[in-house]
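Engineer: Sequence plus the predicted model coming up.
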Amino acid sequence: MTKRIIVDPITRIEGHLRIEVIVDESNTIVDAFSSSTLWRGLEKIIVGRDPRDAGFIAQRICGVCTYSHYKAGIVAVEDALGIKPPLNAQMVRSLMNISLFLHDHIVHFYTLHGLDWCDITSALKADPAKAAKEAYKYAKIPLCAGENELLAVQKRVGDFVQQGALGPFQNAYWGHRTYRFSPEQNLIVLSHYLKLLEVQREVAKMMAIFGAKQPHPQSLTVGGVTSVMDILDPSRLGEWKSKFEMVADFVYRAYWADLVMAAQVYASEPSVAQTGCGVKNFLSHAEMQVGENEYLYSTGIVKNGDLSKLYDLDENLIAEEVTNSWYKYENTDKVALHPYDGQTTPDYTGFDDGVSIGPDGKEIPTKNLKHDGKYSWIKSPRYDGEPMEVGPLATVVVGLAAKNPYITPVAQEFLKQTGLPVEALFTTLGRTAARCIEARVLCDYGLKAFDTLVENLKVDTRTCAPYSIDESKEYKGRYIGNVPRGMLSHWVRIKGGKVENYQAVVPSTWNAGPRDSQGKKGPYEMSLIGTKVADITKPLEIIRHIHSFDPCIACAVHIMDTKGAELSQYKIAPSFARI
Ligand code: NFE
Ligand code: MG
């Protein structure tokens, strides 16, 4: 007898994500469905507009990676028009990108994913003196982990819990048997969780220095950047650098240390150390420009987890399917469309009546995803017909296969410090570690972009390239790069001086999309298969796997009904919301 577990909504992510799994008699997941239940969007709004506005509109796809779609929209139009921005503009864009990645990664680990690893209730029972000693095992000079600091953290959180208003700590699976940290280790992570709140504020300011504000910076324009006064002001440059150093310090002494600790402790927890990565194809793109032609991350493809071979990326082989998504393709018999010819026409087919496991372990009637039809607002991107994982794990895996000189030493250091084999990367633990490795590469080498900018400013102060748009001509162009959640591409066609078609193929779409016409599941769904759920009323394992991708469903869907028509109604049952 199989049973169905539904987690809807998955909280501590951006957007609306529902996961349904089928478990067998041993509570092992044998099938999985990933669905975005909310529909929104922007690709259609861009059509018919002035191409110079595409980036500003595309930016509204998401309030998390607010810079990614902005930059992608600007660069896609620059590519179409044949514009190369001056080096100063390229470097400032890179400094903003470094700020975004650092912000996203540390916030993800502590605020969104950390409580999947760290049991707060256990931290309150810790011995602070013992914890202070423990912290020295993972950092030369631990951050916020002295005995008195830890005692203060315990008191602060203890007082908060005493009030009975648990706020962000409510509704979790405290005491779950797959939590593995000792009380002292939990207390160290909890201390860093609180410190993050301060660091997060500073890293947001880093973005605003050259972006004018955060979220949704405003200083990129087709041809270059507009933050000229800030670029030419040494004190603004110095402000960015000192904030970068403060964030890097947090990454070295807290984030990295906690991930080394997690890797050592959780190596013996099968649900994270042996499962969580089913699609072993990885796709990544060069990003984080630090010189004229120098990038910290590499482009390429790794297939079936084989690090000995790196395949070139052929962008003609990128396509999106809607076989199991609530869209239809019109005037074509193709099942997959290249993004230059992509369509976004809704075709909502609803849910089925059925049953699933309720909070007390008994079956209750529910509206379920259709298992033999359309079941998500997310499309299914494919590369040469195959699902691909994108994101920090892809950056690290492709970086290792490419023998990337920035990624390789950092990844090797992590494996050496934790004693894990390289195969351990192909798990949920590996994916979470890879995000930290990606952040650490920025801390080790990110200032190369800063130095390139400072050196170049001595001989060249240009910040924008001149250009013109010929209305009698047709153009097409794209941005392909990596953003915090993985490979992102924006594709634009321009005709008569206006945007004729616009498509975004987004990281969380690659990872969260439903199965395709061949029945091949995407990375979220495959990550769940084979995992044994310890307690079906507390499916922490499901949440941990999915959180490790850092889902952003606003990004993944990015389309809405521009006429405001009601497409369906949603009711959220809070008892099912899991943090
Ligand atoms: Ni909305 Fe995004 C990133 C983009 S996501 S967060 O990173 O592009 O898939
Ligand atoms: Mg799209």
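Structural biologist: It's in. Ligands and ions are numbered 1, 2, ... in the order given.

Engineer: what about the helices in the stretch 251-400 of the chain?
Structural biologist: 256-266, 270-273, 392-401 (DSSP state H, counting those that start in this stretch).

Engineer: Pull out the buried residues from the shortest one.
Structural biologist: The neighbour-count check on helix 270-273 (16 or more other Cβ atoms under 10 Å) flags 271-273 as buried. Any C-beta I mention is one placed from the backbone N, CA and C, and that applies to glycine too.

Engineer: For that helix, C-alpha coordinates in CSV please.
Structural biologist: Extracted in CSV, the C-alpha atoms of helix 270-273 (Å, rounded to 0.1, in the frame of the first residue of the first chain):
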residue,chain,number,x,y,z
PRO,A,270,21.7,8.8,5.2
SER,A,271,18.8,11.1,4.3
VAL,A,272,21.2,13.9,3.5
ALA,A,273,24.5,12.2,2.9
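
Engineer: Now do it: everything it contacts.
Structural biologist: Helix 270-273 has contacts (Cβ atoms under 8 Å, 6 or more residues apart in numbering) with 178, 266-267, 424, 427-429, 531-532, 534, 541, 544.

Engineer: Output stretch 470-490 in CSV with nothing but the alpha carbons.
Structural biologist: C-alpha atoms of stretch 470-490 as CSV (Å, rounded to 0.1, in the frame of the first residue of the first chain):
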residue,chain,number,x,y,z
ASP,A,470,17.5,51.1,-36.2
GLU,A,471,13.8,50.7,-36.4
SER,A,472,14.0,49.2,-39.9
LYS,A,473,16.1,46.3,-38.6
GLU,A,474,15.3,43.1,-36.7
TYR,A,475,17.6,42.0,-33.8
LYS,A,476,17.9,39.1,-31.5
GLY,A,477,20.1,38.6,-28.5
ARG,A,478,20.4,36.9,-25.2
TYR,A,479,22.0,36.9,-21.8
ILE,A,480,23.3,33.6,-20.4
GLY,A,481,25.0,33.5,-17.0
ASN,A,482,24.8,32.3,-13.5
VAL,A,483,22.8,33.9,-10.8
PRO,A,484,22.6,32.7,-7.1
ARG,A,485,20.3,29.8,-7.9
GLY,A,486,22.0,28.7,-11.1
MET,A,487,22.1,29.3,-14.8
LEU,A,488,19.8,32.0,-16.1
SER,A,489,19.1,33.0,-19.7
HIS,A,490,17.0,35.8,-21.1
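
Engineer: is any part of it close to ligand 1?
Structural biologist: Yes. Against ligand 1, stretch 470-490 shows contacts by Cβ under 6 Å from any ligand atom at 483-485, 488.

Engineer: Mind checking which of the residues you listed are in strands?
Structural biologist: 483, 488 (DSSP state E).

Engineer: Secondary structure element holding His490?
Structural biologist: Element membership for His490 (DSSP states H and E) is strand 486-495.

Engineer: chain center to that strand: distance?
Structural biologist: 19 Å (Cα atoms, centre = their mean, to the nearest Å).

Engineer: likewise stretch 350-359?
Structural biologist: With Cα atoms, centre = their mean as the basis, stretch 350-359 stands 29 Å off its chain's centre.

Engineer: list the buried ones in it?
Structural biologist: For stretch 350-359, the neighbour count (16+ other Cβ under 10 Å) marks 354, 356-358 as buried.

Engineer: same thing with stretch 413-422?
Structural biologist: 414-415, 418, 420.

Engineer: And the residue of the chain most remote from its centre, how far from Gly158?
Structural biologist: Computed with Cα atoms, centre = their mean, the residue of the chain farthest from its C-alpha average is Ser472, at 39.7 Å. Noted for Ser472: a distance of 71 Å to Gly158, by Cβ to Cβ, to the nearest Å.

Engineer: show me what contacts the nearest residue to Leu313 once chain neighbours are set aside?
Structural biologist: Sequence neighbours aside, Thr299 is the residue nearest to Leu313 in space, at 5.4 Å (criterion: Cβ to Cβ, 6 or more residues apart in numbering). Residues near Thr299 by Cβ under 8 Å, 6+ apart: 284-286, 312-313, 398, 402.

Engineer: so which of those residues is the most crowded?
Structural biologist: Counting neighbours by other Cβ atoms under 10 Å, the top entry in the contacts of Thr299 is Ser284, with 32 neighbours.

Engineer: you'd agree that residue is up against Met487?
Structural biologist: Yes. The pair Ser284 / Met487 is scored as a contact, 6.0 Å apart, by Cβ atoms under 8 Å.

Engineer: residues shared between the contacts of the two?
Structural biologist: Common neighbours of Ser284 and Met487, counting by Cβ under 8 Å, 6+ apart, are 390, 394.

Engineer: Spell out the residue ranges of the helices in the stretch 51-200 of the chain.
Structural biologist: Applying DSSP H, counting those that start in this stretch to the stretch 51-200 of the chain gives helices spanning 54-58, 68-81, 87-107, 120-123, 128-135, 147-162, 183-211.
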